[in-house]
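[1] Mind folding the following:
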Amino acid sequence: MAPLLDFLNAPFLGTAVWFWLLFLAIVIVLLVLDLGVLQRDHHEIGVRESLFLSAGYFACGLAFGGFVWYEFGATHAVEYYTGFLVEQSLSMDNVFVMAMIFGFFGIPRRYQHQVLFWGILGAIVMRALMIGLGAALVREFEWVMYLFGAFLLFSGVKMLFARHEEEPDLANNPVLRFLRRHIRVTPQIHQHHFFVRLADASGKPLRYATPLFLALILIELADVVFAVDSVPAIFAITQDPFIVYTSNIFAILGLRALYFSLAAMIHRFVYLKYALALVLVFIGAKIFLHGFIGKIPAGLSLGVTFGLLAGGILLSLLKTRREAAAEPLEIVSRETLHAQPGSQDRSR
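    The predicted structure follows:
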């Protein structure tokens, strides 16, 4: 019994092993409930169910933050919540990319959850590798944080002043071309399967990848690209690998569940990009200000981050509501003009 207790209490990346095992157990239970119970029949997820699932994941994320507060103190808990909020916000752009990928391959909504679920497993592994590498670099070379800060400032300013971004050309994506050259791919959807056996011209059964598999690979790559921004951002908030990783994963779980309701309305958040840009600039500037004014309190960082994101969302909703209210008036005015006698003559 003593060796087991020694193992559970041994530090791993600065935190006792049993904390890591507890977190992984919670994630495994959530994923088993998600796919094994709630999605056994591969039905289409509606907006209400999507919101319900997301609320459940969000509640679990908040509750885990309460556990962090109890075990590690208020400062670590506030850092966890800040990282959780930043990761969820930065990942919202990823929702638009995922919707584009599903649309490109023509994957029905009822099978999209299957791809997102396995995408979560890939994200859990990839984030572990990236965060582990980042933690090792920060521990060995303190100046790496200044590289992170400069990168965040550059990304934030670039996002702030960027004009309309062109949609990615998925048809000419080099990874997709590589896959199609090196593995057998069928263009047909075969229910929820990633691979199927089909007969070739001679009647010999061969294994083919379906569009669901190709979509999964592209979504995993998109997640890695977006992690290049989010991982340095959270390391700028805290260098504790346990806080960084757990806040990342709980945020990803909640956002993937929210996908089915968020994908249809992501275009309404027109000012969110600018709010995210300001958040990146603020977090990047924090790193450089640390040497002059000391560490900025975790509570202040959380307040600034929440205020910027909430302001961006609120302004976006007000703008789209105002535009929606003005549109019927414009239509009525146009119809009234055409209905007036001689209006066409006067317009000439």
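
[2] in the stretch 51-200 of the chain, which spans are helices?
    Assignment of helices within the stretch 51-200 of the chain using DSSP state H, counting those that start in this stretch yields the ranges 74-90, 92-105, 109-140, 144-161, 174-182.

[3] what mean pLDDT does the third one have?
    Right, the one you point to is helix 109-140. Averaging pLDDT along helix 109-140 gives 86.

[4] between it and helix 92-105, how many degrees?
    Taking axes from the mean of the first three to the mean of the last three C-alpha atoms, to 10 degrees, one finds helix 109-140 and helix 92-105 inclined to each other by 140 degrees.

[5] now helix 109-140 against helix 144-161, angle please.
    Interaxial angle of helix 109-140 relative to helix 144-161 (the same axes, to 10 degrees): 140 degrees.

[6] could you check the angle helix 74-90 makes with helix 109-140?
    130 degrees.

[7] Tell me which residues of helix 109-140 come out buried.
    Residues 111-120, 122-124, 127, 130-131, 134-135, 137-138 are the ones in helix 109-140 that count as buried (16 or more other C-beta atoms under 10 Å). C-beta here means a position set from N, CA and C on the backbone, and glycine is covered the same way.

[8] Tell me which other helices or strands that helix touches.
    helix 17-31, helix 92-105, helix 144-161, helix 211-237, helix 241-262 (3 or more C-beta pairs under 8 Å, 6 or more residues apart in numbering; DSSP states H and E).

[9] of the ones you listed, which approaches residue 194 most closely?
    Residue 194 lies closest to helix 211-237 among those, at 4.2 Å (C-beta to C-beta).

[10] Can you mark which positions in the closest one are buried?
    Of all the residues in helix 211-237, those buried under the rule 16+ other C-beta under 10 Å are 211-223, 226-227, 229-237.

[11] gap between the nearest residue to residue 126 once chain neighbours are set aside and residue 217?
    Nearest residue to residue 126 in three dimensions, chain neighbours excluded: residue 224, at 5.8 Å (C-beta to C-beta, 6 or more residues apart in numbering). The gap separating residue 224 from residue 217 is 11 Å, by C-beta to C-beta, to the nearest Å.

[12] Next: residue 46.
    Residue 46 is 27 Å from residue 217, by C-beta to C-beta.

[13] Tell me which residues touch residue 199, please.
    205, 206 (C-beta atoms under 8 Å, 6 or more residues apart in numbering).

[14] any chance of the helices of the stretch 51-200 of the chain in CSV, with distance to residue 26 too?
    Shown next, in CSV, are these (distance: least, C-beta to C-beta, whole Å):
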stretch, distance to residue 26
helix 74-90, 14
helix 92-105, 23
helix 109-140, 12
helix 144-161, 29
helix 174-182, 33
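
[15] Poorly predicted segments of this structure, please.
    1, 36-43, 163-169, 263-267, 291, 294, 324, 326-348 (pLDDT under 70).

[16] who's in contact with the spatially most central residue of it?
    By C-alpha atoms, centre = their mean, the chain has its centre lying nearest to residue 91, at 2.8 Å. Residue 91 is in contact with 226, 230, 251, 252, 255, counting by C-beta under 8 Å, 6+ apart.

[17] residue contacts, the fourth one?
    Counting by C-beta under 8 Å, 6+ apart, residue 252 touches 87, 91, 120, 123, 124, 127.

[18] so which of those residues comes closest to residue 21?
    Nearest member of those to residue 21, counting by C-beta to C-beta, is residue 124, at 14.5 Å.

[19] Look up the closest residue to the closest one, ignoring the ones flanking it.
    Per C-beta to C-beta, 6+ apart, closest to residue 124 is residue 249, 6.0 Å.
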